[in-house]
Structure formats: C-alpha cells, structure tokens
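Visitor: I'll drop the sequence and a predicted model, then ask my questions.
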Amino acid sequence: MDIVFIEGLTGQTVIGIDKSELHIAQPVRVSLAIGVPSLRACTTDRIEDTVNYAAVREAVHALLASHGVQLLEALAEHIAQLVIARFGAHWVRVSLAKPAKFDDVDAVGVVIERRRAPSMEGGLGWIGLGYVPQ
C-alpha cells in the first residue's frame, strides 16, 4: 500500500454546536493519509498515475465552504468519503482539528479511518481485505 499525504491543511469553515460557532467561520486543520495499492507514478512519473494532492486540497477547501454539518466527526466522514469516491483511495485516515477552540488547549478534534467497500468484481474482492497500513 502506497500512501499520499497532506499534512496540516488549514481552512475556514462554520462548524460546531455552540451558538457562537454557528454563523462565523473558524479555522480547522486537516491532515490526510490516502492509501492506494500501488502508485504507478513511481515508474511512469505521470501525475495521472497518482493521487493529485493539489486536486484533493481544492476539493477539501470546497467541502469546507459547503458541508452544512455541525460535528467534526460528520465533517471528517464527508472528507473521507470524498477522497474515496473522487480520488480512488482504497483507505484513508482523516485527522480534523479545531486549533482555536479553547484558550488552554492546542487543538481538539477527531481521527477516523475508512476503507473502500470491497469489490466482488472478478471474484477476487477478498484479496487485501482488512489490510490497513500501520
């Protein structure tokens, strides 16, 4: 499993359950680890054969501007599903944090991991099932 990562992407979004958070964008920090079986770009040197992290970055920023959920957990799930559906990830780890939530805490947040649903095409959907990089 090869991993493309984005670390510490900072954006602004409206997120939270407190009344003070519901109408004003606040900073969030996103880190992603995107797992794919094998990056052909290692041998082809072509952007088309890898996960284009610039495109992932743009998609995450667009999602931050439009998501409409209140909890970090729900937003992290939206990000994970976006990366799986649009960028072909077989596995993704999403770390999502609010760095400015409390004065006495560096950040609060969640880390989730998701896998693409196994495909049964060709009868080999079980190969690699359950493998998550450490």
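Guide: Here it is on my side, so go on. Small disclaimer: the values here were computed from a predicted structure and weren't measured.

Visitor: what is the mean pLDDT for the strand or helix carrying Arg29?
Guide: Take DSSP states H and E as the rule and Arg29 turns out to sit in strand 26-36. For strand 26-36, mean pLDDT is 96.

Visitor: strand partners of that strand, parallel vs antiparallel please.
Guide: Under the criterion DSSP bridges, strand 26-36 sits next to strand 2-13 (antiparallel), strand 91-98 (antiparallel) in its sheet.

Visitor: Of the ones you listed, which is nearest Ala59?
Guide: Between Ala59 and the strands paired with strand 26-36, the shortest separation by Cβ to Cβ is 10.9 Å, and it involves strand 2-13. From N, CA and C alone the C-beta is placed, and that goes for glycine too.

Visitor: Now do the buried residues in the closest one.
Guide: For strand 2-13, burial by neighbour count (16 or more other Cβ atoms under 10 Å) applies to Asp2, Ile3, Val4, Ile6, Leu9, Gly11, Thr13.

Visitor: Let me see the contact set for the third one.
Guide: Yep, that's Val4 we're talking about. Each residue near Val4 by Cβ atoms under 8 Å, 6 or more residues apart in numbering is listed here: Ala33, Ile34, Val36, Leu39, Thr50, Val51, Tyr53, Val56.

Visitor: Drop anything exposed from the residues you listed.
Guide: Among the contacts of Val4, those that count as buried by neighbour count (16+ other Cβ under 10 Å) are Ala33, Ile34, Val36, Thr50, Val51, Tyr53, Val56.

Visitor: on that earlier part again, the strand holding Arg29: what's the following helix or strand?
Guide: Elements were assigned by DSSP H and E; along the chain past strand 26-36, the next helix or strand is helix 41-44.
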